[in-house]
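**Q** here's a sequence, model it:
(chains A and B)
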Protein chains: 2
Amino acid sequence: MSDPGFLASGISSGIKEKNKKDLGMLFSEQPATAVGVFTTNKIKAAPVLISKEKIKQKNSQAIIVNSGNANACTGDMGLKDASDLCKLTAQELGISEKLVMVSSTGIIGVTLPMDKMKTNIPHLVNSLSPMGLNDFAEAIMTTDTIPKIVMKKAMINSKEVKFCGIAKGSGMIMPRMATLLAFIITDVAINPDLLDDVFIEAVNNSFNRITIDGETSTNDMVIMMANGRAENSFFSKESSDYQTFKSSLNALFSDLSKLILRDAEGATKTIYVRVEEAKSNEEAKKIAFQIANSNLVKTAFFGEDPNWGRILSAIGTVDAEIIPGRIDISFDDVIVVENSTSTGMELQAKQILVKKEFQVTINLHIGQGTAEVGTTDLTTEYVKINASYPS
Amino acid sequence: MSDPGFLASGISSGIKEKNKKDLGMLFSEQPATAVGVFTTNKIKAAPVLISKEKIKQKNSQAIIVNSGNANACTGDMGLKDASDLCKLTAQELGISEKLVMVSSTGIIGVTLPMDKMKTNIPHLVNSLSPMGLNDFAEAIMTTDTIPKIVMKKAMINSKEVKFCGIAKGSGMIMPRMATLLAFIITDVAINPDLLDDVFIEAVNNSFNRITIDGETSTNDMVIMMANGRAENSFFSKESSDYQTFKSSLNALFSDLSKLILRDAEGATKTIYVRVEEAKSNEEAKKIAFQIANSNLVKTAFFGEDPNWGRILSAIGTVDAEIIPGRIDISFDDVIVVENSTSTGMELQAKQILVKKEFQVTINLHIGQGTAEVGTTDLTTEYVKINASYPS
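**A** Residues are numbered from 1 along each chain as shown, chains lettered A, B, ... in the order given. Purely as a prediction, here's the structure:
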């Protein structure tokens, strides 16, 4: 088994209290093909502006990430700080500044404690290790209660290729063509444009299909680096290797998204909202998100109440084609509503809602459109966390 | 002072438990000019479908309303029940069925307990009294903690004209060209088209500018009856009487909307979000609603935390023109953000947020557009109420 050629580290630099890890680094031993997507929020944090510019070269070797402070809404000082972090990291690693990206998460509107961070960058670089992924995953956590790492392997041209994805996020989650923070590293050798295509598709099918609270962060980014260390030959879009790569990556992204939902702020449940037979996939997605973001639907899930009336009411507010009297709703395999009226199966549905994870399926009987969105319940704990957490 | 010629009643018919009032009636001693608006939710309750059809004749004399059951998503049976309620009320009152409207609020998806209601209609009619408005207001409450009645007077053509508005609503409140339940009665004599114009404008400036939880009900309706009993002469759009009428009606609607916000489910605060210098009034309204519906902004208000970063983040998700670095934010008269960065006045702003009512003003420095939206905080109590209330 070849060494994938990635090192990672995570340390405490004093941004967060209680010596919690708050500064992390990912480093590829050789320059890697890199792709990324970033928040579509018009208010973009300084590290988003800097890294978004750098990713255009599709080539990167290191990323420095801090938690505890988002470096968002910090004006010119924020941009200088983000740029300085790249510069100092590059110096310490002895590589070009162009190859270093930066990412931040945490409180909005406060400038970074750069003195603390600067003195800790040498320590961060010295801590780099092939075993450092867990430290890195811990260093990027905010209200997350667990570090989120997923690993996969696949065979490409008879070479074993390894994938590792690390994410953070448990509130302010409703990515739109972008997402939270996630970093994916792989030793695959791949054409940059091909990587970009597969990457974007995987993001759209995973991170862009989850919501915790309908809020889109100023700091979302997903960055993927592929350093070619597996030494597989390049493969084309028509090859079976492409299919293998694509399905491995989709599985990894899907697993990471599920980890985020399971660690959602204050949540007790993960719910998959599936809309079938809508006019189009786009309309199915709009309806699924409307249900997935409805406070009344989400509080009903928290109360383990199969309140299909609230689901119908949410559907009715969407600008999408429906036949008001023709909607079916199921909780897992229990059909609660047929033709928009009760089947009398509420008690059986209640047994589904006590589960930690279940699916709500809505059939609109209009067309061929389908979409699935993952969400969570809205709990008293979510309110408590966000009434006291300053970000 | 002339008798305005309206009678009202409210009794318990056994729909709600504990002998709570759940059936109400408004009756005009003479047929009245009537106008109304109804929910734009595509899933419309049976009473909405029935009353929406009837209001087209712009003529009405009575309305029967129940709480505890919304008669929504109840199929053909629901339509028959709503129609039967009108029929029975008309028989008992000795008027044409065409002149009776119907309205319901409460649990969705359960058919009305018609037996209980039918036997109680004679009692409801016998209880009609000029003093019955408070009973009526109580009979239409669901999670409301207070009955909501506002009265106004104005002089039109030297005649005293009286207005009375009764509303219910404390959750599932984000009316869209419609609203909750509200009934406005007045003894003014007015041309039906003129009434319609003033009425729609007043609704748009009041009920359509508040949100508690971003949810639009299946049962919203506002109905207004003007029976002409004040015997003022008809007035034209150009007269000062028109202005007097319009401002009285706007004040009444505004007061009723404020009462709804103050009684919002679980809420501890009323917040007015005002957006200034947006590209257009429409864009200002979109931004104001995005902030007013953001769970993170609303939980920050609950935590009395002047978290302007969440406000900026919410603004950034709206499809509207902004200059990311040019936004100002104030809490009442404390300017917390200038050019999208902190003024360092967070501690002073915290003193504003402890108040029960305050205004957040956002200046975008783009154009002339302005809008104001009323909202509430999102509390643990809201979640508790809606995790256990089956509607």
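**Q** from here on, just use CA atoms for contacts and neighbour counts.
**A** OK.
**Q** just the CA trace of the longest helix along chain A, in CSV.
**A** Ranked by residue count under DSSP state H, the longest helix found in chain A is helix A:240-262. Presented in CSV, the C-alpha positions along helix A:240-262 are these (Å, rounded to 0.1, in the frame of the first residue of the first chain):
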residue,chain,number,x,y,z
SER,A,240,-14.7,2.3,-16.0
ASP,A,241,-12.1,3.9,-13.7
TYR,A,242,-13.9,7.2,-14.1
GLN,A,243,-17.1,5.5,-12.8
THR,A,244,-15.2,3.9,-9.9
PHE,A,245,-13.7,7.3,-9.0
LYS,A,246,-17.0,9.0,-9.3
SER,A,247,-18.9,6.5,-7.1
SER,A,248,-16.2,6.5,-4.5
LEU,A,249,-16.2,10.3,-4.3
ASN,A,250,-20.0,10.5,-4.2
ALA,A,251,-20.1,7.9,-1.4
LEU,A,252,-17.5,9.9,0.6
PHE,A,253,-19.3,13.2,0.2
SER,A,254,-22.6,11.5,1.1
ASP,A,255,-21.1,10.0,4.2
LEU,A,256,-19.6,13.3,5.3
SER,A,257,-23.0,15.1,4.8
LYS,A,258,-24.7,12.5,6.9
LEU,A,259,-22.1,13.0,9.7
ILE,A,260,-22.9,16.7,9.6
LEU,A,261,-26.7,16.1,9.9
ARG,A,262,-26.1,13.6,12.7
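**Q** spell out which parts of the stretch 151-300 of chain A neighbour chain B.
**A** Residues of the stretch 151-300 of chain A lying close to chain B (Cα under 8 Å from any Cα of the partner chain) are A:172, A:213, A:214, A:215, A:216, A:217, A:218, A:294, A:295, A:296, A:299, A:300.
**Q** list the contacts for residue A:104?
**A** Contacts for residue A:104 (Cα atoms under 8 Å, 6 or more residues apart in numbering or on different chains) come out as A:47, A:65, A:66, A:67, A:69, A:70, A:71, A:219.
**Q** return the subset of those residues lying in helices.
**A** residue A:47.
**Q** wait, which of the residues of the stretch 151-300 of chain A next to chain B is closest to residue A:17?
**A** residue A:172 (21.7 Å; Cα to Cα).
**Q** show me the two of the residues of the stretch 151-300 of chain A next to chain B that sit farthest apart.
**A** Across these (Cα to Cα), the longest gap, 29.4 Å, separates A:218 and A:300.
**Q** higher neighbour count, these two?
**A** It is residue A:218, of residue A:218 and residue A:300, that has more neighbours when counted by other Cα atoms under 10 Å in any protein chain shown, with 33 against 29.
**Q** for the more buried one, which non-adjacent residue is spatially closest?
**A** residue A:44 (4.9 Å; Cα to Cα, 6 or more residues apart in numbering or on different chains).
**Q** quick one on the thing from earlier: can you give the contact residues for the longest helix of chain A?
**A** Outside helix A:240-262, the residues touching it (Cα under 8 Å, 6+ apart) are A:148-157, A:163-170, A:198-199, A:202-203, A:205-207, A:210-212, A:235-236, A:269-270, A:374-376.
**Q** low-confidence ranges, chain A, go.
**A** A:1-2, A:170-179, A:389-391 (pLDDT under 70).
**Q** the domain parsing of chain A - what is it?
**A** A:6-262, A:270-388 (automatic domain parsing).
**Q** quick check: buried residues in the longest helix of chain A?
**A** A:241-242, A:245-246, A:248-262 (16 or more other Cα atoms under 10 Å in any protein chain shown).
**Q** likewise for stretch A:66-85?
**A** Buried residues in stretch A:66-85 (16+ other Cα under 10 Å): A:66-75, A:78-79, A:81-85.
**Q** within reach of chain B, which of those residues are there?
**A** Restricting the buried residues of stretch A:66-85 to those near chain B by Cα under 8 Å from any Cα leaves A:73, A:74, A:75.
**Q** out of those residues, which is nearest to residue A:9?
**A** residue A:74 (26.6 Å).
**Q** what's near enough to touch that closest one?
**A** A:45, A:46, A:109, A:110, A:111, B:340, B:341.
**Q** okay, now the sheet partners of the strand or helix carrying residue A:275, with direction.
**A** Using DSSP states H and E, residue A:275 maps to strand A:270-278. Strand partners for strand A:270-278, identified by DSSP bridges, are recorded as strand A:357-363 (parallel), strand A:369-376 (antiparallel).
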